[in-house]
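Visitor: Next comes the sequence, and after it the predicted model I'd like to discuss.
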Amino acid sequence: MAAIYTAFGLTQFAPVLPTSGPPPNQQLIVSHTTPFGARLDIEIINAPQPVAANRTQSSDAYTAGPPTSYIHFIISQRTLPLGASFAACGQRTDGWCELQTFIQIQNQSLKNATYDYSCSKSSLSIHARLHSNLDESGNKIQEPSEYTPPTYPMTRSCALMD
């Protein structure tokens, strides 16, 4: 499932964990998303008009406008709020994203992937040396607390592609 989250560019699970332990509002709890297996359902919802972003306090679910399609991700029977990863989707209470917006985001993701930088053998060896605190000659370099690994959408599983 982690490869799927990465491929779609879902960044809400991407923050680097602090060395002091998990943060209080930890977003990725593997046992919740893949306890023994997981199921990802992707729904396309066709509405006769735009659907209100917040329907918890409104009796009118629709707003004025043309027919609109939405995409909805459900992981193991729980909504994955797309607005948490993609600001363009907005902070909808239903977690949906307009389908055309989501398609534009995915088209842009390929341009932002920086595959060559992230997945080249030389780049991976540089990251490995930085994590081990040694340079090419075996000399100690910066402390781990000073180094933050770069985070790029769609690049965390490139080791699986080699």
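Guide: Yes, it's here. Numbers count the residues shown, from 1 in each chain.
Visitor: all strands of the chain, in order?
Guide: For the chain, strands defined by DSSP state E occupy the ranges 40-47, 68-75, 78-80, 97-98.
Visitor: tell me the most buried of the ones you listed?
Guide: Each of those was given a mean neighbour count from mean count of other Cβ atoms under 10 Å, and the largest, a mean of 21, is that of strand 97-98. Where you see a C-beta, it was placed from the backbone N, CA and C, and this is true even at glycine.
Visitor: Among the strands of the chain, which comes closest to Pro24?
Guide: Closest approach to Pro24 among the strands of the chain (Cβ to Cβ): strand 78-80, 19.7 Å.
Visitor: returning to that earlier point: Val30 is nearest to which of the strands of the chain?
Guide: strand 68-75 (11.8 Å).
Visitor: Break the chain into its domains for me.
Guide: The chain breaks down into these domains under automatic domain parsing: 1-112, 114-162.
Visitor: Could you dump the strands of the chain into TSV with distance to Gly21 and mean pLDDT added?
Guide: Formatted as TSV, these follow (distance: least, Cβ to Cβ, whole Å; pLDDT from 0 to 100):
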stretch	distance to Gly21	mean pLDDT
strand 40-47	29	94
strand 68-75	25	94
strand 78-80	25	89
strand 97-98	32	96
